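[1] Predicted structure and sequence below. I'll ask about it afterward.
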Amino acid sequence: MPTKKLVEELNIRVDGFPNTVPAVQNINFIPTPVHDKSHNSATTQLYAVLEAVADSAEMHINIGEQRDNWNTLLLNSINMMTLTAATMAGAAAIGGTGTSLLALKLSSTLLYSAVAGMSLVMNKIQQSQLAEEQRNAARLFKQLRSQIHTMLALGTPSTEDVKDVIERVLALDKAYPLPLLGAMLEKFPHKFEPAVWWPSIQLQKQHKLRERNQLEKNGWSEELEVEMREIMEVVKTKDSEDYERLGNLVLKINKILAISGPLLTGIAAVGSACVGNGSWPVIVAVAAGALATTVNAFQHGGQVGMVFEMYRTTGGFFRLLQETIEATLEERDSEKRENGQLFEMKLALKLGRSLSQLRDLARKSASSCLDGTAIDEFASKLF
């Protein structure tokens, strides 16, 4: 009752302006919970998947930073140990006699041997490549999280949408594993292969949300289909082939460097063990140690493994682009496709182009096919 009187007193004119505070009819009002019919079990499951995706993205970010620190610390340690061993070998040759000569030779040999072992481990696991894998995985998990948010915002998801999202999460986990033992990706494959982080079933089932205000034929036309085929051909013949060539080149360089580093360190260890038996062991120990330091600095300091992984992921991006366009065009019912104008806009943004630039590229590709010449332009302006 005191509260009701207070509100009635406030509902008077104050300084000539009417107060708009409504009178309280029942101060013991208890809000009734509202049950949203659209909040079905699929939505609940999708929110659970969303939490797991966000946690995975954060986990890959943290582990990527950790492995990047590993690369820096191990590289600095190996280079310092190699230079110290070379200095000891040189000092033993200059003024070492008796016990001091033996101590310097033994220390230098042990350091070189330790560096050879550590180099083998570093070259096997490729920390810079591991860090790049986790950075790519974190980006893709964030992208998937944004897509789930969009799916929840635009409409009520179905059970098929939940299955599709779970398959994409599992494909990402398989493409970018976290463990170092057993599940780690092969760092020196026989041939360059683009990364694949999407399930094959995703390309067979196009669970796309449609716009309510659709144009005739869902935004698709014969001209747009021809344009998409030309873009797909440019991506296949120019971008994908170029990154495959670069990936194979970097893979060969990385293999040569991975073998050269431990081999030079092992030769330096043998030379340091023979110091005192002439001038050649000293030259071998010091020169091989200096070369090993240079090779390790170039390979791990230059992050050659990271460059290979960057090419592998970019090649996967172009392959996904081709397969997405191909799967969309294979669907003959245009109403079951994603809206044509939206699809074209998203493709242009992924390639770093405007819509007019994308259409110009398609026209150039068609003209080059008619003339029998190769197009001199790449599809992507981002990579």
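    Ah, there it is.
[2] The host helix or strand of Ser367: how far from the chain's middle?
    Following DSSP states H and E, one finds Ser367 within helix 355-371. Distance of helix 355-371 from the chain centroid (CA atoms, centre = their mean, to the nearest Å) equals 30 Å.
[3] Which secondary structure elements does it sit against?
    helix 222-234, helix 340-350 (3 or more CB pairs under 8 Å, 6 or more residues apart in numbering; DSSP states H and E). Heads up, the C-betas are built off the backbone N, CA and C, glycines and all.
[4] what mean pLDDT does the last one have?
    pLDDT averaged over helix 340-350 equals 92, rounded to a whole number.
[5] picking up where we left off before, save the helices and strands packed on helix 355-371 as CSV, and put in mean neighbour count and distance to Leu73 too.
    Shown next, in CSV, are the helices and strands packed on helix 355-371 (neighbours: other CB atoms under 10 Å; distance: least, CB to CB, whole Å):
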stretch, mean neighbour count, distance to Leu73
helix 222-234, 18, 44
helix 340-350, 17, 37
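[6] of all those helices, which lies closest to Ser100?
    helix 340-350 (65.9 Å; CB to CB).
[7] and the closest one with helix 355-371, angle?
    90 degrees (axes from the mean of the first three to the mean of the last three CA atoms, to 10 degrees).
[8] ok, back up a step: out of the helices and strands packed on helix 355-371, which gets nearest to Glu58?
    helix 340-350 (25.2 Å).
[9] Please list the residues outside that closest one that contact it.
    Applying CB atoms under 8 Å, 6 or more residues apart in numbering, the external contacts of helix 340-350 come out as 211, 215, 217-221, 224, 227-228, 231, 321, 325, 328, 334, 337, 354-355, 357-358, 382.
[10] now that helix: how far from the chain's centre is it?
    The answer for helix 340-350 is 22 Å, by CA atoms, centre = their mean.
[11] ditto for stretch 236-251
    That offset, for stretch 236-251, works out to 18 Å (CA atoms, centre = their mean).
[12] Other residues contacting it?
    188-189, 191-192, 194, 304, 307-308, 311-312, 314-315, 318-319, 322, 374-375, 377-380, 383.
[13] May I see the buried residues of stretch 116-126?
    For stretch 116-126, the neighbour count (16 or more other CB atoms under 10 Å) marks 116, 118-120, 122-123, 125-126 as buried.
[14] And stretch 168-175, by the same measure?
    168-169, 171-172, 175.
[15] Over to stretch 289-300?
    289, 291-297, 299-300.
[16] which SSE is Ala183 in?
    Using DSSP H and E, no helix or strand contains Ala183.
[17] Return the residues in contact with the residue nearest to it when sequence neighbours are not counted.
    Leaving aside its chain neighbours, Ala183 sits nearest to Pro177 (3.9 Å; criterion: CB to CB, 6 or more residues apart in numbering). Going by CB under 8 Å, 6+ apart, Pro177 touches 183-185.
[18] Which residue lies nearest the spatial centre of the protein?
    The centre of the chain sits closest to Asn136, judged by CA atoms, centre = their mean, with a distance of 1.3 Å.
[19] check contacts around that one.
    176, 195, 309, 313.
[20] those helices in the stretch 1-150 of the chain, which residues are they?
    For the stretch 1-150 of the chain, the helices defined by DSSP state H, counting those that start in this stretch occupy 2-10, 41-95, 99-125, 127-154.
[21] Let me have those helices in JSON lines, extended by mean pLDDT.
    Compiled in JSON lines, those are given as follows (pLDDT from 0 to 100):
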{"stretch": "helix 2-10", "mean pLDDT": "47"}
{"stretch": "helix 41-95", "mean pLDDT": "91"}
{"stretch": "helix 99-125", "mean pLDDT": "91"}
{"stretch": "helix 127-154", "mean pLDDT": "93"}
